[in-house]
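Peer 1: Got a sequence here, can you build the structure:
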Amino acid sequence: MHGTIESAAKLDALRERAMSLPLEQFDPGDPELFRTDTFWPYFDRLRREDPVHYCKDSMFGPYWSVTRYNDIMEIETNHAVFSSASALGGITIRDIDPDLRRESFISMDPPRHAAQRKTVAPMFTPTHLDNLAINIRERSAECLDNLPCGEVFDWVDRVSIELTTQMLAVLFDFPWEDRRKLTRWSDIATTIPGPDGLVATEDERMAELTECAAYFSKLWKQRIEQPPKSDLLSMMAHGTATRDMDAKNFLGNLILLIVGGNDTTRNTMSGSLLALSQHPEQYRKLRQNPDLLDSFVPEVIRWQTPLAHMRRTALSDFEFRGKQIKKGDKVVMWYVSGNRDEEVIDKPYQFIIDRARPRTHLSFGFGIHRCVGLRLAELQLKIIWEEILKRFDHIDVVGEPTRVYSSFVKGIEMLPVKIAA
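Peer 2: Modelled structure (predicted):
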């Protein structure tokens, strides 16, 4: 099953278009394909017929698409040729205005990358995660116990956003009453400005991100004056590789940690309920055997693929799979396509919660830029589902999800659900 498509007829028409459209007209990065969940046949065809594909013209300019699992891993690990540097445009298909570019450790190449990443890594050690788990369980239980039964509500707002935002507030030791600002800033950081967007213009977007930087600058000054603590801000304020960051690098790392901690977990939390709703036999299997959560969690993360792509920029001319990539070209690694690659993943379009090798997926990236918080993301998802299974026999999805207009964040904005009274 490809996902929630309004009707079989619509899906057939879409397949027909994807099959008949000349490959040179393919623009798989069009956000509208993701908002309507209609991108799958395009990537299926690219993997088969043109796995390294050049799009000459798009709203984001020209770019290469790399769509097969093993090819993505090869690009991801070739730092000599393919750069993540923000100075060259960064890690998303959308180029950032040169005046607004902000370095973060994910948009940095070796060797500088490792030093900044190492500063925040202690947050995600097994011992620290064990301590966080107690907090996550308490908050998950409280959130679920306050859900209304017998009436329709939005799962994204009441559960996915609330729990991930609480987690971010804990990680940053952020003022609790203002925690929803973190959600807003995360959404603003990745939104595409426009008449139907969160903001109408790029200037409005930057104004809100400037507010984010100002708020965190005050917290930063407090951390510098305090002895080192175990929150992310304090770790960076006292870390040798991060304490002297300039303003752009500071904001860049903040946005990275906010988006990384918010979008990925929140969209997988929403996607997990949607996936089980679409596959009732898997939902039954999970209720009968909650021990399957250990394989269910990575399978959901593969299935949802909360960030659809990462981008690199070519540092030199390079021939790859018979294609001539030029210096300065934008190269987009489509994780969402690699996670459906039949050559690597058995039955990739089936949601199988007891899959033999569920960790074979690209959702967290690969190599040195692999998501630093991946174990925390898995832990949050496992705990929320342990607590759901204790409380509710079934949660029904009662309407179509509303999806994010973005080919970077593969997200769900709204998911109407109902818990039987």
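Peer 1: contacts, neighbours, all on C-alpha from now
Peer 2: Noted.
Peer 1: any chance you could map the helices in the stretch 101-250 of the chain?
Peer 2: 112-120, 126-145, 155, 162-172, 180-190, 202-225, 232-238, 247-278 (DSSP state H, counting those that start in this stretch).
Peer 1: what's the third one packed up against?
Peer 2: I take that to be helix 155. When contacts are defined as 3 or more Cα pairs under 8 Å, 6 or more residues apart in numbering; DSSP states H and E, helix 155 packs onto no helix or strand at all.
Peer 1: So what touches that helix?
Peer 2: If you take Cα atoms under 8 Å, 6 or more residues apart in numbering as the criterion, helix 155 is touched by Ser270, Met414, Leu415, Pro416, Val417.
Peer 1: So which of those residues are in strands?
Peer 2: Judged by DSSP state E, strands contain the following of these: Met414, Pro416, Val417.
Peer 1: what pairs with the first one across the strands?
Peer 2: In this structure, Met414 has beta-bridge partners Thr402, where bridges are defined by DSSP bridges.
Peer 1: Contacts only, for it.
Peer 2: Asp154, Trp155, Val156, Asp157, Pro401, Thr402, Arg403.
Peer 1: still on that earlier bit, would you turn the ones in strands among the contacts of helix 155 into JSON lines with pLDDT and distance to Glu281?
Peer 2: Output for the ones in strands among the contacts of helix 155, formatted as JSON lines (pLDDT from 0 to 100; distance: Cα to Cα, whole Å):
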{"residue": "Met414", "pLDDT": "97", "distance to Glu281": "24"}
{"residue": "Pro416", "pLDDT": "98", "distance to Glu281": "21"}
{"residue": "Val417", "pLDDT": "98", "distance to Glu281": "19"}
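Peer 1: still on that earlier bit, least confident of the helices of the stretch 101-250 of the chain, on average?
Peer 2: Per-stretch mean pLDDT for the helices of the stretch 101-250 of the chain is lowest at helix 112-120 (a mean of 65).
Peer 1: just the helices in the stretch 301-421 of the chain please.
Peer 2: Under DSSP H, counting those that start in this stretch, the stretch 301-421 of the chain gives helices at 335-338, 374-391.
Peer 1: and of those helices, who's closest to Gln166?
Peer 2: Minimum separation from Gln166 across the helices of the stretch 301-421 of the chain (Cα to Cα) falls at helix 374-391, 11.4 Å.
Peer 1: helices or strands next to the closest one in the packing?
Peer 2: Short answer (3+ Cα pairs under 8 Å, 6+ apart): helix 374-391 packs on helix 126-145, helix 247-278, helix 293-304.
Peer 1: Would you reformat these as JSON lines and include mean neighbour count and distance to Gly338?
Peer 2: What follows is the helices and strands packed on helix 374-391, written out as JSON lines (neighbours: other Cα atoms under 10 Å; distance: least, Cα to Cα, whole Å):
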{"stretch": "helix 126-145", "mean neighbour count": "15", "distance to Gly338": "29"}
{"stretch": "helix 247-278", "mean neighbour count": "22", "distance to Gly338": "17"}
{"stretch": "helix 293-304", "mean neighbour count": "23", "distance to Gly338": "10"}
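Peer 1: now for these, which one comes closest to Arg184?
Peer 2: Arg184 sits nearest to helix 247-278 of all the helices and strands packed on helix 374-391, at 10.1 Å, using Cα to Cα.
Peer 1: returning to what we had before: buried only: go through the contacts of Met414 for me.
Peer 2: Asp154, Trp155, Val156, Asp157, Pro401, Arg403 (16 or more other Cα atoms under 10 Å).
Peer 1: closest to Phe82 among the residues you listed?
Peer 2: For these, the minimum distance to Phe82 (Cα to Cα) is 30.7 Å, reached by Arg403.
Peer 1: Can you tell me how far the closest residue to Arg223 other than its chain neighbours is from Arg375?
Peer 2: The spatially closest residue to Arg223, leaving aside those adjacent along the chain, is Ser234, at 5.4 Å (Cα to Cα, 6 or more residues apart in numbering). Per Cα to Cα, to the nearest Å, Ser234 is found 21 Å from Arg375.
Peer 1: Between those two, tell me which one has more neighbours.
Peer 2: Ser234 (24 against 14; other Cα atoms under 10 Å).
Peer 1: wait, isn't that one in contact with Leu219?
Peer 2: No: in this structure, Ser234 is not within contact of Leu219 by Cα atoms under 8 Å, at 9.2 Å.
Peer 1: circling back: so can I have CSV of the helices and strands packed on helix 374-391 showing distance to Ile325?
Peer 2: Below are the helices and strands packed on helix 374-391 laid out as CSV (distance: least, Cα to Cα, whole Å):
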stretch, distance to Ile325
helix 126-145, 41
helix 247-278, 28
helix 293-304, 29
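Peer 1: Nearest to Ser337, out of those?
Peer 2: Short answer: helix 293-304, nearest of the helices and strands packed on helix 374-391 by Cα to Cα, at 10.5 Å.
Peer 1: What is the closest one packed up against?
Peer 2: Applying 3+ Cα pairs under 8 Å, 6+ apart, one finds that helix 293-304 contacts helix 247-278, helix 374-391.
Peer 1: As JSON lines, these with distance to Thr360 would be great.
Peer 2: Formatted as JSON lines, these follow (distance: least, Cα to Cα, whole Å):
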{"stretch": "helix 247-278", "distance to Thr360": "17"}
{"stretch": "helix 374-391", "distance to Thr360": "14"}
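Peer 1: Among those helices, which comes closest to Ala85?
Peer 2: Nearest of these to Ala85, taken as Cα to Cα: helix 247-278 at 11.8 Å.
Peer 1: Next, the angle helix 180-190 makes with the closest one.
Peer 2: Compare the direction of helix 247-278 with that of helix 180-190 by axes from the mean of the first three to the mean of the last three Cα atoms, to 10 degrees and you get 100 degrees.
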